[in-house]
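Undergrad: next come a sequence and a model predicted from it.
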Amino acid sequence: MSSVPQARAATPGVTAMTERQEKIQRIVIIVLTVLPLAGFAFAVVNFWGAGLSVTDAVIALFFYLFTGFGVTVGYHRLFTHQSFVARRPLKIALAIAGSMSVQGAIIDWVGTHRRHHAFSDRAGDPHSPHLDDDDTIKGTIRGLWHAHIGWLSAPELTDNHRWAPDLVADADIMRVHKRFGTLTFLSFALPAVLGGLVTWSFEGAVTAFLWGSLARIFVLHHVTWSINSICHFFGDRPFRSNDRSTNNWLLAIISFGESWHNGHHAFPTSAVHGIGRGQIDPTAAMIRLFEKMKLASRVKLVTPKQVAQKTVEEIKPRAWVRKRWSNV
Ligand SMILES: [Zn+2]
Ligand SMILES: [Zn+2]
């Protein structure tokens, strides 16, 4: 990663951390990545002897869906890219759900992701796997590691006033942003409390904590980071985009449609990322549901003409895109 920090130094709205901030960041990252990893490993080992109870499976799945859609519908498509407009209760709920994914406070996440789009796979991109220009096996692994998790410890701060002024000006969002610590605590604690109450046992609380808190946070972390690493490296590129983003069907379901990442980079404000037929996109389906419930409006979709202009290999837009297109 030797060339990366120098390349970033000139990025507008990015400043270097003080030594103290760097130390705090290191501790936070170690706790928030190693703890879920240890919990996940323990849960898997334990699984061979004790199995997985229905209670723990339901709790883990619920929190995976709640926090996962918080990131994809909320943090990503609503707050970063403004793919639709949400009514206030939905907006606040999505901000809280996204925060509980334990991927950073909302405005920091959005600022960093906007930088990723502004400099995709060029100097200034916070998590490109390609910045080293080293395509040896060692260089490739180093690039993928940086894009997946290494970038988290970069000693830099994204200026939220520069990269997310709309969210800084939103009092609701600022309130949620400042409570990231509390929401992180709740994300760890609630599954355990629920497991304890449902089974009325201490053991029930412990196993729900293992699966519903640690393993769930671990899996969602790595699925989200895989979009940064795998989906800028492996997969198809049906659209022209000024980067090396890819569509990867393998991750489509577990990432709720975020792995149609080349479609997303080609049309960043589109509410649908899986633009082609058969490209499963649960996040788009959820936005559609919110629209039907009158909680979301002004949903942005690409026009067939826009799709044709950027298409490298012909793809047939899905029915919803064909019927309901508007300019993005
Ligand atoms: Zn990307
Ligand atoms: Zn994006």
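TA: That came through fine. Ligands and ions are numbered 1, 2, ... in the order given.
Undergrad: tell me the buried residues in the helix or strand harbouring Val34?
TA: Applying DSSP states H and E as the criterion places Val34 in helix 19-50. By 16 or more other Cβ atoms under 10 Å, the buried positions in helix 19-50 come out as Gln25, Leu32, Thr33, Leu35, Pro36, Gly39, Phe40, Ala43. The way it works is simple: take the backbone N, C-alpha and C, and place the C-beta from them, glycine included.
Undergrad: how about stretch 132-148?
TA: In stretch 132-148, counting by 16+ other Cβ under 10 Å, buried: Asp132, Arg142, Gly143, Leu144, His146, Ala147, His148.
Undergrad: same thing with stretch 279-288?
TA: So stretch 279-288, judged by 16+ other Cβ under 10 Å, has buried residues Gln279, Asp281, Pro282, Thr283, Ala284, Ala285, Met286, Ile287, Arg288.
Undergrad: which strands or helices does the helix holding Val34 pack on?
TA: helix 216-229 (3 or more Cβ pairs under 8 Å, 6 or more residues apart in numbering; DSSP states H and E).
Undergrad: could you point out which element follows the helix it packs on?
TA: Scanning onward from helix 216-229 (DSSP H and E), the first element met is helix 261-266.
Undergrad: need the contact partners of that next one.
TA: Applying Cβ atoms under 8 Å, 6 or more residues apart in numbering, the contact partners of helix 261-266 are 117, 120, 227, 231-232, 235-243, 245-248, 258, 270, 272-276, 279, 310.
Undergrad: so what's the gap between the helix or strand that it is followed by and the chain middle?
TA: Using DSSP H and E, the helix or strand that follows helix 261-266 in sequence is helix 282-292. Remark: helix 282-292 is offset 17 Å from the chain centroid, using Cα atoms, centre = their mean, to the nearest Å.
Undergrad: contacting residues around helix 282-292?
TA: Contacts for helix 282-292 (Cβ under 8 Å, 6+ apart): 69, 72-73, 76-77, 83-84, 86, 90, 253, 256-258, 271-274, 296-297, 299, 320.
Undergrad: circling back to that earlier point, out of the buried residues of stretch 132-148, flag the one nearest to Thr112.
TA: Ala147 (12.8 Å; Cβ to Cβ).
Undergrad: surely that closest one touches Cys231?
TA: No - Ala147 is beyond contact range of Cys231, at 9.5 Å (criterion: Cβ atoms under 8 Å).
Undergrad: before we move on, the earlier item: tell me which two in the buried residues of helix 19-50 are the farthest apart.
TA: Gln25 and Ala43 (27.1 Å).
Undergrad: circling back: closest to Val58 among the buried residues of helix 19-50?
TA: Ala43 (15.1 Å).
Undergrad: low-confidence stretches in the stretch 201-328 of the chain?
TA: 313-316, 325-327 (pLDDT under 70).
Undergrad: walk me through the domains of this structure.
TA: If you go by automatic domain parsing, the domain ranges for the chain are 16-233, 237-328.
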